[in-house]
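Engineer: just the structure for this:
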Amino acid sequence: MRLKEENILGELGSAIGKGLLAGLAGTAAMTLSQMIEMNITKREPSDAPSKAVSKVVDVKPVNEDEKEKVNNEIHWTYGTALGISRGLIGLTGLKGWKATALHFGLVWGASMVMLPKLKVAPPVTEEEPQAVAIDGFHHAVYALATGLAYDALDAGGRHERKLNKLLTQLKDRGVISNIKKRF
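Structural biologist: Down below sits the predicted model:
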């Protein structure tokens with residue numbers, strides 16, 4: 001049996017799957033950068049994720065102890081799902097830094113529009129410049145890690161081996177287990 005060379009649904013499914021995996025990698029990188037930054041700046045974690053979901057689907061944490069857990073679950077789910085947009089960008093043929101820059105703009109732009117619209121964060125024009133810079137940095141970390149992971153998954157072969165080597169090094173150094181313990 002011969003398969004069609006152009007299987008658009010197969011390509012779409014593959015791009016979505018790779019995007020989800022890349023989004024998970026990006027979320028892990030963003031989480032790590034936030035943990036490091038919060039340790040340095042002594043900033044408390046944001047509760048914008050649970051506030052946003054509460055407004056959109058009318059679900060609220062049952063108590064304060066659950067709030068952080070819900071925030072983390074939403075953070076990981078949302079970040080992983082945003083990887084789909086990177087997969088869709090990949091379907092256009094855009095790759096590398098250009099695709100990563102577009103993905104960064106989409107992800108950070110959506111955050112800067114959506115959160116104020118839901119009234120869970122002030123507009124960027126009312127934020128302190130340092131807070132905007134920190135937020136931009138974390139979104140850049142997300143987009144960069146997601147883009148690198150997506151390109152490695154999409155390319156296969158040599159790039160896939162590099163990604164596996166990186167994941168093994170992160171695991172061997174305890175980075176992955178520290179992230180798991182935290183959440």
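
Engineer: tell me where this protein has helices.
Structural biologist: With helices called from DSSP state H, the chain shows them at 8-41, 48-57, 64-91, 96-117, 129-155, 157-172, 175-182.

Engineer: what mean pLDDT does the fourth one have?
Structural biologist: Translated: helix 96-117. With pLDDT averaged residue by residue, helix 96-117 scores 95.

Engineer: what do you get for stretch 146-154?
Structural biologist: For stretch 146-154, the mean confidence score works out to 93.

Engineer: now that stretch, how far from the centre of its chain.
Structural biologist: Relative to the chain's own centre, stretch 146-154 is displaced by 13 Å; criterion: CA atoms, centre = their mean, to the nearest Å.

Engineer: before we move on, the earlier item: now tabulate the helices of the chain in CSV and tack on distance to residue 123 and mean neighbour count.
Structural biologist: C-beta coordinates here come from the backbone N, C-alpha and C atoms, glycine included. Formatted as CSV, those follow (distance: least, CB to CB, whole Å; neighbours: other CB atoms under 10 Å):
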stretch, distance to residue 123, mean neighbour count
helix 8-41, 21, 18
helix 48-57, 13, 17
helix 64-91, 20, 18
helix 96-117, 4, 17
helix 129-155, 11, 19
helix 157-172, 36, 12
helix 175-182, 30, 12
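
Engineer: what's the per-residue pLDDT of the closest residue to residue 119 other than its chain neighbours here?
Structural biologist: Nearest residue to residue 119, sequence neighbours excluded (CB to CB, 6 or more residues apart in numbering): residue 55, at 7.5 Å. What the model reports for residue 55 is a pLDDT of 81.

Engineer: is residue 55 in contact with residue 120, as I believe?
Structural biologist: Yes: here residue 55 lies in contact with residue 120, judged by CB atoms under 8 Å, at a distance of 6.8 Å.

Engineer: hmm, back to that, contact partners for the residue nearest to residue 119?
Structural biologist: 118, 119, 120 (CB atoms under 8 Å, 6 or more residues apart in numbering).

Engineer: any idea how far the last one is from residue 83?
Structural biologist: In other words, residue 120. When CB to CB, to the nearest Å is the yardstick, residue 120 and residue 83 sit 23 Å from each other.

Engineer: now residue 143: closest residue in space, sequence neighbours ignored.
Structural biologist: Ranked by CB to CB, 6+ apart and with sequence neighbours excluded, the top spatial neighbour of residue 143 is residue 104, at 3.5 Å.

Engineer: let me redo that: residue 121
Structural biologist: According to CB to CB, 6+ apart, the nearest residue to residue 121 is residue 115 (3.8 Å).
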